[in-house]
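Chemist: Okay, predicted coordinates and the sequence, questions at the end:
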Amino acid sequence: MKETMKNMNEEQKQEIREWLIRGEGHSVAPMNYYTDMGLPTSFLEPMVKRTWSNFVQVPKGITKIGEDEVSGQPIGWAADKERWVFLLTPEQQENNYIEVRWSTNITSSRIKQIWADSSERSEHLENKLDEHDEDYINYLKKEYDVHPDANYWSYKYNEEYYNYRIEFKVPIVPKVNWENEHVAFDVEEKQGHFLVKYDGTKRTDFINGNKAAWHRKNASKKPITKKAATEWVRKQLDESPSISTMFGRLDIDFKIDGKRRPIKDIAQDYWQQDRDEIEFHKKSIERITATCPDIIEFIKSTKNVPIGWIHERFQPMGYTDVMWNNNFMMPWVDGISSTRVIAALADSLGVDLTEHQTLGRGSTARAYGKAVLNYLEEECDFAQLCKA
């Protein structure tokens, strides 16, 4: 590895240097991300694994997605049957079976038991339960944190402990929030369209149809003129005279070191970034079209499914446990986390990381990266770490 690092060209060394400075501890990238920087395939291949986002495939007729109160298994609202049904996770679909765990599986008991204390046997309580008193049963659900959709099942008096064991049967139903509202996601008709390739039950490739449509739409935009760019800058300054930097679709600096930049310089940046953005979208749709020549017809109508691909609907089950790219879901990545690659690189070079443990993946990766870069500067002819 030391010889490999020494023999890298200057461009690769610069890319490695910048990557180690950034750390990218929260990132998972395909193997070619690292091989493009010059790291050996044989070094990386053993570390590659599939990282899944938390999502489900949406079968036809499902209009809402949730998580089962008892098992945690994904469920969907079958609108035509007006009931919740179990759905399989992508891992379960790929494995072709459901792995039974002690803590969460669809065969979990649907019976929830509570114990209501009583210093003496209360016929009043028993009468309410015998008569299925709705108000009292709802009171018990709220008092003992029972799902509001649970059905009262039975009760039994325990003479030894002077309490009542009351049972409720929980149907297949989504978990609820603190206001007792179902935590469920509406399936948006225009979103979540993917083209997928399979090898047996394993999904091997995908194209996000919505992302492809986004690239195509933006690639066809007309570039802004310099006059329009100047007018845009003046408008921003009129609306926010103290503006310093604008972040978002484009990043524009209105001030440098606290001093206002000339309007023509700001407008030039805006004009150039607009063109760069259009070029980015053009190259992106070109890459997608090279992979799937019929993608444009699919964008026009999802009925036009290209040969060799399968049209599937994917719905994310959350946000923080989903991988995103330009705000579009990445259902899976066959790759390696940046932190793991940096740690493996340190191990192969003999760099001791025991003194560089920190809290959080991001800060840990940056600390690891700095330690590795310090070694590369001394032993493998890498430029000095920027101190700025």
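Modeler: Nice, thanks for sending it over.
Chemist: Now the element after the host helix or strand of Arg17, going C-ward?
Modeler: Here Arg17 sits within helix 10-22, counting by DSSP states H and E. For helix 10-22, the following helix or strand on the C-terminal side (DSSP H and E) is strand 28-30.
Chemist: who does that following strand touch, helix- and strand-wise?
Modeler: On a contact count with 3 or more CB pairs under 8 Å, 6 or more residues apart in numbering; DSSP states H and E, strand 28-30 meets strand 332-337. From N, CA and C alone the C-beta is placed, and that goes for glycine too.
Chemist: Just give me how far the strand it packs on sits from the chain centre.
Modeler: Strand 332-337 sits 12 Å away from the centroid of its parent chain (CA atoms, centre = their mean, to the nearest Å).
Chemist: Please report phi then psi for Ala367.
Modeler: Backbone torsions for Ala367, taken as degrees, to the nearest 10, come to phi -70, psi -40.
Chemist: Could you check how many residues crowd around it?
Modeler: By other CB atoms under 10 Å, the residues close to Ala367 number 18.
Chemist: how about the helices in the stretch 51-200 of the chain?
Modeler: In the stretch 51-200 of the chain, the helices defined using DSSP state H, counting those that start in this stretch lie at 90-95, 123-130, 134-143.
Chemist: residues making contact with the helix holding Arg17?
Modeler: Contacts with helix 10-22, where a contact means CB atoms under 8 Å, 6 or more residues apart in numbering, come from 5, 8, 36-39, 338, 342, 366, 369-370, 372-373, 376, 381-383, 385-386.
Chemist: for stretch 241-248, same thing?
Modeler: By CB under 8 Å, 6+ apart, stretch 241-248 touches 236-237, 251-255.
Chemist: ok, now stretch 180-193?
Modeler: Taking CB under 8 Å, 6+ apart as the rule, stretch 180-193 contacts 58, 62-67, 77, 148, 173-177, 208-210, 302, 311, 313-317, 329.
Chemist: Now, the residues you listed that are in strands?
Modeler: 62-67, 77, 208, 311, 313-316, 329 (DSSP state E).
Chemist: how about the residues you listed, which pair is most distant?
Modeler: For those, the farthest-apart pair by CB to CB is Glu67 and His311; their separation is 25.1 Å.
Chemist: Those two: who's more crowded?
Modeler: Glu67 (19 against 15).
Chemist: That one against Met317, yeah?
Modeler: Yes: between Glu67 and Met317 there is a contact under CB atoms under 8 Å: 6.9 Å.
Chemist: what sits in contact with each of these two?
Modeler: Pro74.
Chemist: Quick check: Lys49 touching Asp334?
Modeler: Yes: using CB under 8 Å, Lys49 is in contact with Asp334, at 7.5 Å.
Chemist: tell me, what's touching the two both at once?
Modeler: Any residue near both Lys49 and Asp334 by CB under 8 Å, 6+ apart counts here, and not one turns up.
Chemist: Can you tell me the SS state at the nearest residue to Tyr368 once chain neighbours are set aside?
Modeler: Spatial nearest neighbour of Tyr368, chain neighbours left out: Ile342 (4.6 Å); criterion: CB to CB, 6 or more residues apart in numbering. Assigned with DSSP: H, G, I helix; E, B strand; the rest coil, Ile342 falls in the helix class.
Chemist: Any figure for the gap between Ile342 and Trp19?
Modeler: 8 Å (CB to CB, to the nearest Å).
Chemist: Find residues that contact each of those two.
Modeler: In contact with both Ile342 and Trp19: Gly369, using CB under 8 Å, 6+ apart.
Chemist: Tell me which residues touch Phe314, please.
Modeler: 55-58, 192, 194, 329, 331.
Chemist: So in terms of bridging, what pairs with it?
Modeler: With DSSP bridges as the criterion, Phe314 is bridged to Gln57.
Chemist: Tell me the confidence at it?
Modeler: Looking at Phe314, its pLDDT reads 98.
Chemist: Could you measure from it over to Met330?
Modeler: 10 Å.
Chemist: likewise Ile106?
Modeler: From Ile106 over to Met330 (counting by CB to CB), the distance is 27 Å.
Chemist: between those two, which one's more packed in?
Modeler: More neighbours surround Met330 than the other of Ile106 and Met330, with 18 against 15 (other CB under 10 Å).
Chemist: That one - nearest residue in space that isn't next to it in sequence?
Modeler: Leaving aside its sequence neighbours, Met330 sits nearest to Met323 (CB to CB, 6+ apart; 4.1 Å).
Chemist: Check the gap between the one you found and Met1 for me.
Modeler: Distance, Met323 to Met1, using CB to CB: 29 Å.
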